[in-house]
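Engineer: task: produce atomic coordinates for the following.
(one chain, ligands or ions: 1)
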Amino acid sequence: MVRPKKHLGQHFLTDKNIARNIVALVSGNPSSIVEIGAGTGILTTFLAEQFPDHLHIIEIDIESIVYLKLHFPSLENVIRHEDFLQSNLSAFPAPLTLIGNFPYNISSQIFFHVLDHKEYVAEVVCMIQKEVAERIAAKPGSKTYGILSVLLQAWYDIEYHFTVGEKVFNPPPKVKSAVIRLKRNTVEHLDCNEAMFTQVVKKGFNQRRKTLRNALREYLKPETTAHPFLDKRAEQLSINDFVLLTRLLFPQTLRP
Ligand code: SAH
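Structural biologist: Just a heads-up that it's a prediction; the model follows:
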């Protein structure tokens, strides 16, 4: 057994049917399947059955690594003792599918790491906190629409699949969980400076109750202060609105 460690976000899933249903969401024909945080391997069992030749495991906990190598000897060479947030996803054959019951304490950071590697990551199938899943899937105008909703929806189609209660984990987390799937959309470039798009979205939402004129004050020039978007708050803008706004503020640099 592996003793669950709180600081690593370890809540081990105990329900095999849920594990099977999560693995069944892998679609298409990925060249690599990368499992984030395999723990004691409840998802790994189904993944190894279905994708024996394309599976890679990234796990930060040495106790889990020892356990996994013992119970999955055929995977010995593809189990990596590594921090996912430091991993270089271009090292795996693309396109790749990421899958995992994510460590909830770093789920947002995992998605930012995915965004940094979006040209390789075709799909993400994951269990996260229900509240984070709802935020990621949120549409403009809703209170939960935020940085990750805009940045992820710019590049991925988000599907909310099912909700999972606390009782099927050891130890049970304090919150409900949800399984979502992200599929890379067909967008190759945004029609604006992509690095500044990310900054505009982050700055806009960091002071989400202020108008964008206030939140983005440092980016404004005399000729740009009149645009009607600037009277709105970040949560009212669609992804395309943010693209237009970025172009308004940074017209000289259409491509990074
Ligand atoms: N997949 C297992 C475990 C989920 S708990 C199950 O469903 O039961 C989350 C797992 O992520 C733990 O095994 C934890 O050790 C691992 N983990 C936490 N932080 C990590 C990181 N930065 N990189 C890789 N794995 C991590």
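
Engineer: pull out the buried positions in stretch 68-84.
Structural biologist: Across stretch 68-84, burial judged by 16 or more other C-beta atoms under 10 Å covers 68, 72, 75, 78, 79, 80, 84. For glycine as for every other residue, the C-beta is placed from the backbone atoms N, C-alpha and C.

Engineer: and the closest residue to the ligand within the stretch 1-150 of the chain, how many neighbours?
Structural biologist: Proximity to the ligand, evaluated over the stretch 1-150 of the chain using C-beta to the nearest ligand atom, is greatest for residue 37 at 2.1 Å. For residue 37, the number of neighbouring residues by other C-beta atoms under 10 Å comes to 21.

Engineer: helices - which of the buried residues of stretch 68-84 land there?
Structural biologist: When DSSP state H is applied, the buried residues of stretch 68-84 are split such that residue 68 fall in helices.

Engineer: can the buried residues of stretch 68-84 go into JSON lines with extra columns for pLDDT?
Structural biologist: Below are those laid out as JSON lines (pLDDT from 0 to 100):
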{"residue": "68", "pLDDT": "98"}
{"residue": "72", "pLDDT": "97"}
{"residue": "75", "pLDDT": "97"}
{"residue": "78", "pLDDT": "97"}
{"residue": "79", "pLDDT": "98"}
{"residue": "80", "pLDDT": "98"}
{"residue": "84", "pLDDT": "98"}
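
Engineer: who's in contact with the residue nearest in space to the middle of the chain?
Structural biologist: Taking C-alpha atoms, centre = their mean, the centroid of the chain lies closest to residue 111, which sits 2.9 Å from it. By C-beta atoms under 8 Å, 6 or more residues apart in numbering, the contact list for residue 111 reads 136, 148, 152.

Engineer: hang on, it in a strand?
Structural biologist: No - remark: residue 111 does not belong to a strand; assigned using DSSP: H, G, I helix; E, B strand; the rest coil, it is helix.

Engineer: what about it, distance to residue 69?
Structural biologist: The gap separating residue 111 from residue 69 is 29 Å, by C-beta to C-beta, to the nearest Å.
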